[in-house]
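Novice: Got a sequence here, can you build the structure:
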Amino acid sequence: MHLKENVRLSLNLTRGISSHYGALVNLIHMFSSVIDVIETIIEDGLDSDQRAEANILINLLQTFEFVFDLHLMKGVLGISNELSQALQRKDQDIVNAMKLVDISKQRLQVMRDDGWNTLLEEVSAFYNLFSTFNKEKLIRLAQFYPSDFSTVQVSFLDNQLEAYIHDMRSTEEFSALKGIGQLAEKMVEMKKNVSYPLVYSLVTLALILPIATATIERAFLAMNIIKNRLHN
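Specialist: Predicted coordinates for the structure are as follows:
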């Protein structure tokens, strides 16, 4: 009886590994679409509780820690995925299953010893793509206000945002900001409003637009992840 229970628990675990691995892969591939859906709920949710829950969720999804954990778990579960599939087959090929156990252990050890740099590069590339996605949102916001941002200024804003992103990631003082109001204050304090006047104009515009503030705030603060956090 004890043996049967262990087998049942092992099978349930392996099924869970395959299921979770597939879910993580799908989430990574559909990440921007998931963010779009959650932002729609934040703006058009049925009630305040639903909108508040969606806002908490999107803030979690956009943290570096979540992106890192997402890719780490995908890597770990991916290593054991073939083993879990083998254990679920009816033929129960024990010889090959035991071989896969050894292979999984070896791959996990390789990941532990030499895989961190590759993982950080993968996470960094994913996170930089997400920051570019945010930059496009900021440019679209500026285009909605032609009286504040001419067509030429929007083109200048694109280039200025690129410089701003690199500046924020190398300036530790911007890494712990909690809101767009603090961002505006810190920009003035460090004279970044002079260096990036169009970016600062966009920040101040977002401050007086309650509907747009939540989305734009997330877009700006997502850019404030500094390089030292990647190394940590």
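
Novice: need the contact list for Pro146.
Specialist: For Pro146, the contact set (Cβ atoms under 8 Å, 6 or more residues apart in numbering) is empty. (Each C-beta comes from the backbone N, C-alpha and C, glycine too.)

Novice: right, and the secondary structure at Phe149 would be what?
Specialist: coil (DSSP: H, G, I helix; E, B strand; the rest coil).

Novice: How many residues are close by the residue lying closest to it once chain neighbours are set aside?
Specialist: Of all residues not flanking Phe149 in the chain, Ala142 sits nearest, at 4.2 Å (Cβ to Cβ, 6 or more residues apart in numbering). A total of 21 residues lie near Ala142 under the criterion other Cβ atoms under 10 Å.

Novice: what packs against the helix or strand where Ala142 lies?
Specialist: Per DSSP states H and E: Ala142 is located in helix 116-143. The contact analysis (3 or more Cβ pairs under 8 Å, 6 or more residues apart in numbering; DSSP states H and E) places helix 116-143 against helix 31-44, helix 64-88, helix 151-169, helix 197-207, helix 210-221, helix 227-231.

Novice: Quick one: closest of those to Val25.
Specialist: Proximity to Val25 (Cβ to Cβ) singles out helix 64-88 among these, at 6.3 Å.

Novice: Could you list the domains of this protein?
Specialist: Residue ranges for the domains of the chain, per automatic domain parsing: 2-114, 124-231.

Novice: Ranking the ones you listed by mean neighbour count, which comes first?
Specialist: When those are scored by mean count of other Cβ atoms under 10 Å, the highest mean neighbour count falls to domain 124-231 (a mean of 16).

Novice: thinking again about what came up before, chain center to the helix holding Ala142, what's the gap?
Specialist: Taking Cα atoms, centre = their mean, to the nearest Å, one finds the center of helix 116-143 at 8 Å from the center of the full chain.

Novice: Just the angle for that helix relative to helix 197-207, thanks.
Specialist: 70 degrees (axes from the mean of the first three to the mean of the last three Cα atoms, to 10 degrees).

Novice: which one is Met190 nearest to, not counting chain neighbours?
Specialist: Glu173 (6.7 Å).

Novice: ok, now how distant is that neighbour from Leu138?
Specialist: 21 Å (Cβ to Cβ, to the nearest Å).

Novice: now swap in Met168 and tell me
Specialist: Met168 sits 13 Å away from Leu138, going by Cβ to Cβ.

Novice: follow-up on the earlier one: wait, which of the helices and strands packed on helix 116-143 is closest to Asn55?
Specialist: Using Cβ to Cβ, the helices and strands packed on helix 116-143 put helix 31-44 closest to Asn55, at 5.4 Å.
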